[in-house]
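**Student:** need a structure here:
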Amino acid sequence: MGSADSLTAVRDSAGPRAMSDTFAEDPFPAGARQAGRSAPALPTPETLERLAACAEAADLAGEPDRAAVEVLRRSGLLALAVPKSHGGAGADAVVLNTCVEQVASVNASAAIMLFQHCAVTSRIVENGTFAQHREVLPKLADGRWLAASAWSESAAGADKKNLGTLAHRTPDGAWLLDGAKSFTTSAGLADVYLVLAQSQEESPDSGPGSSRDTGYGAAGQTFFLIPGDHPGLVPDTSMRLAGMRGSATGFVSVRECRVPDSARLGAPGVAASIIARVRNSGASLGAVAVGIAQAALDAAHAHAERRGLYAHQAVRHRLVNLATQVESARAVVERAGRRTSADPGMTTLFSKLAASAAAERVVADVARFLGSAGYVETHPINRFGRDARAVALMGPTDDLCKELVSLPWNR
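**Tutor:** Numbering: from 1, shown residues only. Below you'll find the model as predicted:
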């Protein structure tokens, strides 16, 4: 997580103008200037308790967990990836992963919304203009704005190489976007979306190959920051998922959506190179999986204590084996966050693979351990299983992670 002070080389052609009428609001309205505000080091017990109370109801209803979003807005956790200079916590990837894990242990849907918010925030910190930092980051830090990424499309594939969403320059230098996104977390709840579009335009100073052959994304793609209430952007939460049912994962369409050039994040045509650098941040979706696995392990211990099963050596050893898997997954996620390996990006990919696989194994083993007690529809272990499966399917999907790891071997 870099600081805003390190971004002086980033394009700032927009100058001091606001991105749009929505962005033109004073980022520090009277009474809301909170210099130095920072998020707590970890979620408070009260925050976790309130998020836990939201989880079951949202899962049963299959509706966006608006209550959990309000808890996140008030918790200070949305400030994690924002530099202190803009009212955030300036947390590193280790702290971010730990916070996401703890939220996931009580509410996986809230955890993935938090993770995506922090991921978009980090892209703005790394690639945004000074104007974008000034206008957007304080709102992301204090909870006024929840951010979401709108990258995926039904026909584009996990590697985002065949986008149907197009962005064309207009004669006055603005952009006109047209297309539809799927599997967008926080659809309809987010206040700003990071939209990926095929612009067929590359930055003249991007250098040969900078946006090519990354394994994720393609040449000529550009990112745009678009407010949730911007004309032409329409969310649709009709998608019914088996897991992460409170995460408001759905569709977002951009139809004749006109945005100023100041809405562009990064140079034109180099979104793929931005995506390729994401893994180097150390922020890992594996943290969500570890939180789910820990919740399953806690359920196993609660069952063993309630039934007096600790007296049996076989039970104790079985629980130790489960705990070993959870702790091992947590360790590789922490290693990813520390970025101390020879190739931090690869370690981040490995951490997602290891943790998501461990979560599915642990949840399945705990379900068997619970026996008929876990076969009741309302038992949380069933939600844990569906949520754990969802992590493996989230971008980059586990299959794409394997491709990204192995791609250099075939060159």
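
**Student:** For Pro83, grab the count of nearby residues.
**Tutor:** Residues near Pro83, counting by other CB atoms under 10 Å, number 23. Where C-beta positions appear, they are placed from N, C-alpha and C, glycine not excepted.

**Student:** Pull out the buried residues from stretch 225-244.
**Tutor:** By neighbour count on 16 or more other CB atoms under 10 Å, the buried set for stretch 225-244 is 225-228, 230, 233-235, 237, 241, 243-244.

**Student:** Now tabulate these in JSON lines and tack on distance to Glu56 and pLDDT.
**Tutor:** Converted to JSON lines, those look like this (distance: CB to CB, whole Å; pLDDT from 0 to 100):
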{"residue": "Leu225", "distance to Glu56": "34", "pLDDT": "98"}
{"residue": "Ile226", "distance to Glu56": "33", "pLDDT": "98"}
{"residue": "Pro227", "distance to Glu56": "32", "pLDDT": "97"}
{"residue": "Gly228", "distance to Glu56": "27", "pLDDT": "97"}
{"residue": "His230", "distance to Glu56": "34", "pLDDT": "97"}
{"residue": "Leu233", "distance to Glu56": "31", "pLDDT": "98"}
{"residue": "Val234", "distance to Glu56": "30", "pLDDT": "97"}
{"residue": "Pro235", "distance to Glu56": "25", "pLDDT": "95"}
{"residue": "Thr237", "distance to Glu56": "19", "pLDDT": "89"}
{"residue": "Leu241", "distance to Glu56": "16", "pLDDT": "92"}
{"residue": "Gly243", "distance to Glu56": "14", "pLDDT": "95"}
{"residue": "Met244", "distance to Glu56": "14", "pLDDT": "96"}
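
**Student:** okay, now the domains of the chain?
**Tutor:** 10-23+35-146, 149-277, 284-410 (automatic domain parsing).

**Student:** Name the nearest residue to the residue most central in space within the chain, ignoring sequence neighbours.
**Tutor:** The centre of the chain sits closest to Gln116, judged by CA atoms, centre = their mean, with a distance of 2.0 Å. In space, not counting the residues next to it along the chain, Gln116 is nearest to Thr185; the distance is 4.8 Å by CB to CB, 6 or more residues apart in numbering.

**Student:** Could you give the number of residues near that neighbour?
**Tutor:** Per other CB under 10 Å, the neighbour tally for Thr185 reads 24.

**Student:** Mean confidence (pLDDT) on stretch 371-381, please.
**Tutor:** Mean per-residue pLDDT for stretch 371-381: 95.

**Student:** contacts for it?
**Tutor:** By CB atoms under 8 Å, 6 or more residues apart in numbering, the surrounding residues in contact with stretch 371-381 are 56, 295-296, 299, 303, 363, 366-367, 370, 382.

**Student:** Among these, which one is most surrounded by other residues?
**Tutor:** Ala296 (30 neighbours).

**Student:** my read is that one is in a helix, agree?
**Tutor:** Yes - the assignment for Ala296 (DSSP: H, G, I helix; E, B strand; the rest coil) places it in a helix.

**Student:** Contacts only, for it.
**Tutor:** Ala296 touches 322, 359, 362-363, 366, 381, 384, 388, counting by CB under 8 Å, 6+ apart.

**Student:** can you pull the pLDDT of it?
**Tutor:** 98.

**Student:** Next one: Leu146 from Arg134, what distance?
**Tutor:** Separation of Leu146 from Arg134 (CB to CB, to the nearest Å): 19 Å.

**Student:** Same question for Met346.
**Tutor:** Distance from Met346 to Arg134, by CB to CB: 35 Å.

**Student:** same question, Gly308
**Tutor:** For Gly308 relative to Arg134 (CB to CB), the value is 60 Å.

**Student:** If you count surrounding residues, which of these two has more?
**Tutor:** The neighbour count for Gly308 versus Arg134, taken as other CB under 10 Å, is higher for Arg134 (16 against 9).

**Student:** Do you know the pLDDT at that one?
**Tutor:** Arg134 is assigned a pLDDT of 97 by the prediction.

**Student:** do Leu407 as well
**Tutor:** pLDDT for Leu407: 88.

**Student:** Number the chain from 358, please
**Tutor:** Let's use 358 as the start, then, which means that last one is Leu764.

**Student:** Correct me if wrong: it contacts Asp516.
**Tutor:** No - with contact defined as CB atoms under 8 Å, Leu764 does not count as touching Asp516 (10.1 Å).

**Student:** ok, those two, which is more surrounded?
**Tutor:** Each of Leu764 and Asp516 has its neighbours counted (other CB under 10 Å); Asp516 has more, 20 against 13.

**Student:** what about the closest residue to the more buried one other than its chain neighbours, neighbour count?
**Tutor:** Nearest residue to Asp516 in three dimensions, chain neighbours excluded: Tyr573, at 5.5 Å (CB to CB, 6+ apart). A total of 21 residues lie near Tyr573 under the criterion other CB under 10 Å.

**Student:** which parts of the helix or strand hosting Gly648 are buried?
**Tutor:** Element membership for Gly648, per DSSP states H and E: helix 643-664. Buried residues in helix 643-664, counting neighbours by 16+ other CB under 10 Å, are found at 643-654, 656-657, 660-661.

**Student:** Now tell me what touches stretch 550-557 from outside.
**Tutor:** Stretch 550-557 is contacted from outside by 477, 480-481, 504-508, 517, 520-526, 532, 534, 536, 538, 541, 574-575, 577-585, 590, 609, 611, 622, 625-626, 628, using CB under 8 Å, 6+ apart.

**Student:** Counting only strands, which of those make the cut?
**Tutor:** 504-507, 523-526, 532, 534, 536, 538, 541, 578-584, 590, 609, 611, 622 (DSSP state E).

**Student:** which of the residues you listed count as buried?
**Tutor:** Among the ones in strands among the contacts of stretch 550-557, those buried by neighbour count (16+ other CB under 10 Å) are 504-507, 524, 532, 534, 536, 538, 541, 578-584, 590, 609, 611, 622.

**Student:** quick revisit: counting neighbours, which of the contacts of Ala653 comes out on top?
**Tutor:** Neighbour counts for those, by other CB under 10 Å, peak at Ala716, which reaches 32 neighbours.

**Student:** Could you identify the helix or strand that succeeds the strand or helix carrying that one?
**Tutor:** Here Ala716 sits within helix 701-727, counting by DSSP H and E. Of the helices and strands lying after helix 701-727 in sequence (DSSP H and E), the nearest is helix 737-750.
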